[in-house]
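[1] here is a sequence together with a model predicted from it:
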Amino acid sequence: MHAIFIAIDFILLAVLAWFFIQNIRLNHALKEKNLQLEAKIRELKMAQVKLMDSGKKGAVAALSAGLLHQISQPITAIHGFVRFMKKEMDNNSPFYKPVCVMDEQSFYIKDMLANLMELIRHRTIQKTETSINTVIYKSMNLLLDELRIRRIGWDMKLDDSLPVIYGDALHLQQVFMNLVVNAMEALSEMPHGSPRTLLVTSRYDSDKHQAIITFKDNGPGIAHDHQAKIFDPFFSTKPQGSGIGLALCHDLVNEHGGNISVQSNEEGTIFTIKLPCARLDQLQQEVGREAA
C-alpha cells in the first residue's frame, strides 16, 4: 500500500509539473499575442492619423488654391498697369525709378504666387543636381528688402565644401523662404529697439552624408507644448496664422528624404533641416538622362 501511495504522489507531482509548464507556455504565448495586438493597434492609429492628415491636406490645398487664385487676379492687373506706366513714362521723370521698383516687386509677387500655386497643386518634384548654398543665396536675396525694413541683422555661414543634393531647387527655395519669413514675424514681436538677428548656416555631416541647414533667430521663442504641434496642418501660434506654411515645409522636406525639426526657448528658435546629399549613382543617372 505504501508503494501505491508513493506512485500516486509521483503521478500527482508529474501532473502538477505538466500543468505548471503548460501555464508558463500559455503565459508566454499570451504575452506574445498582447505584444502583437499592441503593435497592430499602433499601426491602426498611425494609419488613422495619416488618413486624417491626408484629409486636412486636401482641404488645405483646395482652400489655398482658391485664395491664391483670388489674390493673383488683382496682382496680375496691377503688374500690367505698372508695366504700361513704365513704358509710357519718361526715363528722366522723378517717378520713373519708383515705378521700376513697383514693376519688379509686382512681378516678384506674381511669380511667387504662381510658384505657390504649383506647390498647392502638388507639382511633381523635379529632382536635379542642386547646390544648397545657391538656393539659400537666392532665397535670402528675395527677402533682403523686407529684412532691412524690419531692421533685422542677418548673416550667412555656409560650408563651401558642402556636396550637391539631388532635389528640386524651387521647392527647397520655398521652404527656406518660408522659414526666413517665419523668423521675421517672430522677431517683429520683440520690443522696439531690441537687437534682432537671424543666422543661416549650412554644413556637411560626412558620417551621415547629409547637408544640415539651420535658421536661428533670437526671437521670443515657441512655447514647449507648441513645439510638438508646430508642423501640424492648421496649427499656428499666431492669431492671424493659417497653419499652412510650416506644414508644407515639413511635407516638402520629407519628399526629399530629409527631416525638419525645431528647438526653441526664451533665447530664440532654431529650425534644422537635414537632407541627404546626392549619391554617385543618382548623379550618373541624371547625366545619362541628359545625354539621352
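    Now that the structure is in, tell me what you want to look at. Numbers count the residues shown, from 1 in each chain.

[2] quick check: which ranges of the stretch 1-150 of the chain have low pLDDT?
    Residue ranges of the stretch 1-150 of the chain with pLDDT under 70: 1-23, 26-30, 33-34, 36-70, 111-124.

[3] so what's the residue count around the closest residue to Thr134 other than its chain neighbours?
    Nearest non-adjacent residue to Thr134, counting by Cβ to Cβ, 6 or more residues apart in numbering: Ala169, 7.7 Å away. All C-beta spots, glycine's among them, are computed from the backbone N, C-alpha and C. By the measure other Cβ atoms under 10 Å, the count of residues near Ala169 is 18.

[4] wait, Ala169 touches Thr128, no?
    Yes. With contact defined as Cβ atoms under 8 Å, Ala169 reaches Thr128; the gap is 7.3 Å.

[5] residues contacting the residue nearest to Thr134?
    Counting by Cβ atoms under 8 Å, 6 or more residues apart in numbering, Ala169 touches 128, 130, 134-135.

[6] got these as TSV, with secondary structure columns?
    Putting the contacts of Ala169 into TSV (DSSP: H, G, I helix; E, B strand; the rest coil) gives the following:
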residue	secondary structure
Thr128	strand
Thr130	strand
Thr134	helix
Val135	helix
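
[7] out of those residues, who has the most neighbours?
    Val135 (24 neighbours).

[8] roughly how far does it sit from Gln73?
    29 Å (Cβ to Cβ, to the nearest Å).

[9] dihedrals phi and psi, Ile222?
    phi -120, psi 130 (degrees, to the nearest 10).

[10] and it, what does it touch?
    230, 237, 262, 264, 269.

[11] any quick ChimeraX command for the buried ones out of those?
    A single ChimeraX command selects the buried members of these (16 or more other Cβ atoms under 10 Å):
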select :230,262,264,269
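
[12] could you list which of the contacts of Ile222 belong to strands?
    262, 264, 269 (DSSP state E).

[13] just these now: which is nearest His256?
    Within the ones in strands among the contacts of Ile222, the smallest distance to His256 is 17.7 Å, found for Val262 (Cβ to Cβ).

[14] domain parsing for the chain?
    1-123, 128-282 (automatic domain parsing).

[15] for the one helix or strand Glu129 maps to, packing partners?
    Following DSSP states H and E, one finds Glu129 within strand 128-130. Contacts defined by 3 or more Cβ pairs under 8 Å, 6 or more residues apart in numbering; DSSP states H and E place strand 128-130 against strand 165-167, helix 169-187, helix 280-291.

[16] any idea which of these scores lowest on pLDDT?
    Here the helices and strands packed on strand 128-130 differ in mean pLDDT, and the lowest is helix 280-291 at a mean of 54.

[17] can you pull out the helices in the stretch 101-250 of the chain?
    132-142, 144-149, 169-187, 224-227, 245-255 (DSSP state H, counting those that start in this stretch).

[18] tell me the angle of the third one relative to helix 245-255?
    Between helix 169-187 and helix 245-255, the angle comes out at 140 degrees (axes from the mean of the first three to the mean of the last three Cα atoms, to 10 degrees).

[19] can I get helix 169-187 in CSV, CA atoms only?
    Taking Å, rounded to 0.1, in the frame of the first residue of the first chain, the C-alpha atoms of helix 169-187 are listed here in CSV:
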residue,chain,number,x,y,z
ALA,A,169,15.5,73.8,-56.2
LEU,A,170,12.2,75.6,-56.5
HIS,A,171,10.6,73.6,-53.7
LEU,A,172,13.6,74.0,-51.4
GLN,A,173,13.6,77.7,-52.1
GLN,A,174,10.0,77.9,-50.9
VAL,A,175,10.9,76.0,-47.8
PHE,A,176,13.9,78.3,-47.0
MET,A,177,11.9,81.5,-47.7
ASN,A,178,9.1,80.3,-45.5
LEU,A,179,11.4,79.7,-42.6
VAL,A,180,13.0,83.2,-43.1
VAL,A,181,9.6,84.8,-43.2
ASN,A,182,8.6,82.8,-40.1
ALA,A,183,11.7,84.1,-38.3
MET,A,184,11.0,87.7,-39.4
GLU,A,185,7.5,87.6,-38.0
ALA,A,186,8.8,86.2,-34.7
LEU,A,187,11.5,88.9,-34.5
